[in-house]
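Enquirer: Take a look and give me a structure for this.
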Amino acid sequence: MAKVARLMVEKAGIDVDELLELLIKNAAAELTTYYYYTILRTNLIGLEGEGLKQIAEEARIEDRNHFEALIPRIYELGGKLPNDMKVFHDMSACPPALLPEDPTDVKAILKVLVAAERCAVRGYTHICNLTAGKDHRTYELALAILNEEIQHESWFSEFLGEGPSGHFSRRGDMSPFVSKFME
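Expert: Numbers count the residues shown, from 1 in each chain. Prediction:
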């Protein structure tokens, strides 16, 4: 654990235990979303689904990257992940992105995807608001993840016909905002 890092965050007026709880719950959300997106992506078939499969895959891989990027900060601040995966799953900051009852309903899958991204946007916005000007490392990490989650939401909401977002799929350049935290 980086004891000085935790001390500086505490001195800045942040309840580190509260922050750790948020980071761990969001890490759980990222890992469970990675899992559930695997199932959702697998079910994106047919004429409509195939067009979404690559975008769902990009969001899926980036969510795994978000999980990987959060872990060092959790441990730097003196936190740790639960030893039990079921406990970790159940503490997720966002509800499971479950496959809809009709797995062939592409629009229903899209609604699950966009709801998951909107939950993530709310969660990382909250962490950014909590850490802005006080915990620079956590703020920068949360902001990087937030940028990517906003793009994911935009990709899926366009397919729902909610309007153009101006964002484009990455096609190979995964996690442009978060990649610096994964070195």
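Enquirer: Sketch out the helices for this structure, chain order is fine.
Expert: With helices called from DSSP state H, the chain shows them at 3-11, 16-42, 46-76, 85-90, 106-131, 136-159.
Enquirer: of all those helices, which lies closest to P176?
Expert: Taking CB to CB, helix 136-159 is the member of those nearest to P176, at 7.7 Å. In this view, the C-beta of every residue, glycine as well, is placed from N, C-alpha and C.
Enquirer: Residue ranges in the chain under the pLDDT threshold?
Expert: 1, 167-172 (pLDDT under 70).
Enquirer: Would you report the backbone torsion angles of L77?
Expert: phi -90, psi 10 (degrees, to the nearest 10).
Enquirer: Pretty sure it sits against R6.
Expert: Yes - using CB atoms under 8 Å, L77 is in contact with R6, at 5.1 Å.
Enquirer: joint contacts of the two?
Expert: V16 (CB atoms under 8 Å, 6 or more residues apart in numbering).
Enquirer: Neighbour count for the two, which is higher?
Expert: L77 (23 against 19; other CB atoms under 10 Å).
Enquirer: who touches the more buried one in this structure?
Expert: Here L77 is in contact with M1, A2, A5, R6, V9, V16, L19, L20, L23, T138 (criterion: CB under 8 Å, 6+ apart).
Enquirer: Dihedrals phi and psi, G13?
Expert: Dihedral pair for G13: phi 100, psi 20, per degrees, to the nearest 10.
Enquirer: Quick check, it in contact with K134.
Expert: Yes - contact criterion CB under 8 Å: G13 and K134 qualify, at 6.1 Å.
Enquirer: Who are the contact partners of N65?
Expert: M174, S175, V178, S179, M182.
Enquirer: Return the members of the contacts of L77 classed as buried.
Expert: A5, R6, V9, V16, L19, L20, L23, T138 (16 or more other CB atoms under 10 Å).
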